[in-house]
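>>> Predicted model and sequence follow; I will ask about them next.
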Amino acid sequence: MMLFLFLQAAEPAALPSDWTTLAPLPYVAAPQLTPQLTSFVAGEIAANRCPVPKPADGHYVVKVDVATLVGTDGVVRRTVPHAINCPTVEQYAAGLVAGFARSNLALRAGGGDMWYRATITFDWRG
């Protein structure tokens, strides 16, 4: 008689519907957005690919919240950007969060995968 063992992957933790309850992503060193990183977002806005009105003073501030699932090993498992009606910037922000988190998280010991919140703020004069 042969026995087959099927391993089922653990289901990832469900994304909470209320992101305000998520703890901030615990960076060791806070990420720094350089002008080069912000220039992509400025280009998307200038090309009218994102519906952001031009501020009267020319000072743009675009914020993207990103829910981030981090495994017990400190590896980002998933990023989910909050919709701001600009998919390219949303995905860009999610990628930045994943990159900023690489080898840069101070996590508590024990527990399972956990959702955190990160906010990326693009700030420039246009």
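Yep, that arrived.
>>> Work out the gap between stretch 46-61 and the centre of the chain.
Relative to the chain's own centre, stretch 46-61 is displaced by 22 Å; criterion: C-alpha atoms, centre = their mean, to the nearest Å.
>>> Same question for it: list its buried residues.
For stretch 46-61, the neighbour count (16 or more other C-beta atoms under 10 Å) marks 50, 52, 60 as buried. C-beta here means a position set from N, CA and C on the backbone, and glycine is covered the same way.
>>> just checking, the first one touches A42?
Same thing as C50. No. Assessed by C-beta atoms under 8 Å, C50 is found out of contact with A42, at 10.2 Å.
>>> Overlap of the contact sets of those two?
Shared contacts of C50 and A42 (C-beta atoms under 8 Å, 6 or more residues apart in numbering): none.
>>> Give me the residues contacting stretch 78-90.
12, 15, 19, 40-41, 44, 49-52, 62-69, 91, 93-95, 97-98, 122.
>>> cool, and stretch 32-43?
50, 60, 62, 89, 92, 96, 120-124, 126.
>>> give the contact list for Y116.
Y116 sits next to 22-26, 67-70 when contact means C-beta under 8 Å, 6+ apart.
>>> Thought R125 was touching Y60, still the case?
Yes. The criterion here is C-beta under 8 Å, and Y60 meets it with R125 at 7.3 Å.
>>> Now the common contact residues for the two.
Counting by C-beta under 8 Å, 6+ apart, nothing touches both Y60 and R125.
>>> Could you confirm F122 falls within a strand?
Yes. Per DSSP: H, G, I helix; E, B strand; the rest coil, F122 lies within a strand segment.
>>> Next, count neighbours for it.
Using other C-beta atoms under 10 Å, F122 has 22 neighbouring residues.
>>> Quick check: the gap between it and P55.
13 Å (C-beta to C-beta, to the nearest Å).
>>> what do you get for T21?
Shown here: T21 relative to P55, a distance of 31 Å by C-beta to C-beta.
>>> what's the answer for V62, then?
Computed as C-beta to C-beta, the V62 to P55 distance reads 11 Å.
>>> Would you write out the PyMOL command that picks the buried residues out of the contacts of stretch 78-90?
Of the contacts of stretch 78-90, the buried ones can be selected in PyMOL as follows, counting by 16+ other C-beta under 10 Å:
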select buried, resi 41+44+50+52+62+64+65+66+67+68+69+93+94+97+98+122
